[in-house]
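Trainee: Structure for the following, please:
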Amino acid sequence: MPVFVDSAPSDQVSGLDPAFNERVAAQLEVIEERLREAAVADTQFVTEAAQHIIDAGGKRFRPGLVVLSSLLGPDADPDEVVKAALVVELTHVASLYHDDVMDEADLRRGVASANQRWGNTVAILVGDLLFSRASSIVADLGTDFVRLQAETFARLVQGQVAETRGPQPGDDPLEHYLDVVAGKTGALIATSAVFGGMVAGVGADVLNALDAYGEEIGVVFQLSDDIIDIASDESGKTPGTDLRAGVPTLPTLLARRSARPEDARLRALLEAGPATETEVSEALHLLRSHESLAAARAEIGRRAEVARAHLAPLPAGPAKDALSALCDAVISRSA
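Mentor: Numbers count the residues shown, from 1 in each chain. Sure, this is the predicted structure:
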């Protein structure tokens with residue numbers, strides 16, 4: 001069954017009404033089947049490459065938000081819900097192909113990345129193919145969906161450019177990082193929530209609330225990944241992946257702000273980038289006992305409550321309850 005959050009089935013996230021949970025799970029099963037179908041190409045080679053990351057699994061966080069938000073109204077067309085979910089997930093998966101090329105990544109979701117297996121050219125072109133499939137599907141939903149998809153794609157690209165360039169002179173590295181996260185992660189998750197609301201036919205006030213909620217919970221989701229990269233040995237991810245790649249994260253940026261003399265060694269490791277596995281292990285050890293980790297967890301909790309507050313205009317019911325419970329589920333990932 002697809003999941004929203006690491007190892008958490010949809011019924012654990014929404015958590016209350018069994019009939020509601022079954023409805024959500026059934027829609028996610030259909031979306032999962034259609035996702036693979038959307039990646040079928042004219043040749044077996046391209047199909048295999050296009051289904052590669054899909055078949056490797058994933059949280060399906062974005063389709064899950066589409067489904068939950070679509071249940072805020074009584075009249076959402078099930079086929080339109082599926083199409084909206086496909087658009088956001090295909091866009092996400094396509095961006096992963098391109099990200100892995102830029103990052104020279106060897107692994108994605110525990111398997112060889114497409115660029116590692118077939119080379120950069122194939123990986124880029126397959127990402128383009130999946131973007132084209134998303135564009136074709138969103139056209140069926142109407143011009144408002146097409147416009148929002150285009151605006152979201154522009155934010156994704158600009159977020160990636162900002163990450164690639166890094167903070168410029170005079171920029172605060174932490175604020176720059178949070179802006180990147182909002183563009184690369186928050187924007188598409190916000191669109192996922194809004195797409196669901198649009199399919200449900202909710203009013204402008206609810207759509208605006210879903211947009212604000214989605215962007216905030218999207219940022220929280222990425223920041224919780226930052227914690228997992230340092231603190232967890234049980235997430236299925238290799239601790240220190242971002243440290244090895246020299247990728248800034250919330251805890252490392254907070255640690256680099258420390259002026260305490262006893263943090264000099266940690267600052268030196270983070271500023272230069274750990275050069276060996278021994279230095280990665282040392283940095284992880286120092287970070288796990290550093291106050292920056294607790295500060296990062298506190299910031300995640302604060303932002304999750306901001307996200308929850310954005311839900312106030314939504315109509316009461318199991319969909320709103322599930323979206324609220326999702327705030328707790330995301331926090332628990334980094335606890």
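Trainee: Any idea how many residues pack against Gly317?
Mentor: 12 (other Cβ atoms under 10 Å). In this view, the C-beta of every residue, glycine as well, is placed from N, C-alpha and C.
Trainee: Pull out the buried positions in the helix or strand harbouring Val101.
Mentor: Following DSSP states H and E, one finds Val101 within helix 78-103. Buried residues in helix 78-103, counted by 16 or more other Cβ atoms under 10 Å: 80-101.
Trainee: residue ranges with poor pLDDT in this structure?
Mentor: 1-16, 233-237 (pLDDT under 70).
Trainee: Need the outlier residue of it, farthest from its centre.
Mentor: Residue farthest from the centre of the chain, counting by Cα atoms, centre = their mean, is Pro261 at 36.1 Å.
Trainee: I'd like the distance between that residue and Thr276.
Mentor: 25 Å (Cβ to Cβ, to the nearest Å).
Trainee: ok, now Ala94?
Mentor: Counting by Cβ to Cβ - Ala94 and Thr276 are separated by 35 Å.
Trainee: Likewise for Leu243?
Mentor: 11 Å.
Trainee: Looking at these two, which is more packed in?
Mentor: Ranked by neighbour count (other Cβ under 10 Å), Leu243 and Thr276 place Leu243 first, with 22 against 8.
Trainee: Can you name every helix or strand that the helix or strand containing the more buried one contacts?
Mentor: For Leu243, the element it lies in under DSSP H and E is helix 241-245. Packed against helix 241-245 by the contact rule (3 or more Cβ pairs under 8 Å, 6 or more residues apart in numbering; DSSP states H and E) you find helix 204-231, helix 277-288.
Trainee: After the host helix or strand of Ala304, which helix or strand is next? Please name it.
Mentor: Per DSSP H and E, Ala304 falls inside helix 291-309. Next in sequence after helix 291-309, counting helices and strands by DSSP H and E, comes helix 318-333.
Trainee: got the angle for that following helix vs helix 204-231?
Mentor: Between helix 318-333 and helix 204-231, the angle comes out at 20 degrees (axes from the mean of the first three to the mean of the last three Cα atoms, to 10 degrees).
Trainee: Can you pull the phi/psi pair for Ala112?
Mentor: Phi and psi for Ala112, reported as degrees, to the nearest 10, are phi -60, psi 130.
Trainee: Figure out the length between the terminal residues of stretch 232-249.
Mentor: 15 Å (Cα to Cα, to the nearest Å).
Trainee: Touching, His144 and Gly201? I think so.
Mentor: Quick fix: residue 144 is Asp, not His. No: counting by Cβ atoms under 8 Å, Gly201 is not a contact partner of Asp144; they are 11.8 Å apart.
Trainee: Which one's more surrounded, the two?
Mentor: Remark: of Asp144 and Gly201, Gly201 carries more neighbours, 14 against 11, as counted by other Cβ under 10 Å.
Trainee: To which secondary structure element type does the closest residue to the more buried one other than its chain neighbours belong?
Mentor: Using Cβ to Cβ, 6 or more residues apart in numbering and skipping residues adjacent in sequence, the residue nearest Gly201 is Gly73, 5.2 Å away. Secondary structure state of Gly73, per DSSP: H, G, I helix; E, B strand; the rest coil, is coil.
Trainee: For stretch 206-223, output the C-alpha coordinates as CSV.
Mentor: Output of stretch 206-223 as CSV, limited to C-alpha atoms (Å, rounded to 0.1, in the frame of the first residue of the first chain):
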residue,chain,number,x,y,z
VAL,A,206,-10.3,27.1,1.6
LEU,A,207,-8.0,27.1,-1.4
ASN,A,208,-5.9,29.8,0.0
ALA,A,209,-5.8,28.0,3.3
LEU,A,210,-4.7,24.8,1.6
ASP,A,211,-2.0,26.6,-0.3
ALA,A,212,-0.6,28.1,2.9
TYR,A,213,-0.9,24.8,4.8
GLY,A,214,0.7,22.8,1.9
GLU,A,215,3.7,25.0,1.6
GLU,A,216,4.3,25.1,5.3
ILE,A,217,3.9,21.3,5.8
GLY,A,218,6.1,20.8,2.7
VAL,A,219,8.9,22.7,4.4
VAL,A,220,8.4,20.8,7.6
PHE,A,221,8.6,17.6,5.7
GLN,A,222,12.0,18.5,4.2
LEU,A,223,13.3,19.8,7.5
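Trainee: distance of Gln160 from Ser135?
Mentor: Counting by Cβ to Cβ, the gap from Gln160 to Ser135 is 18 Å.
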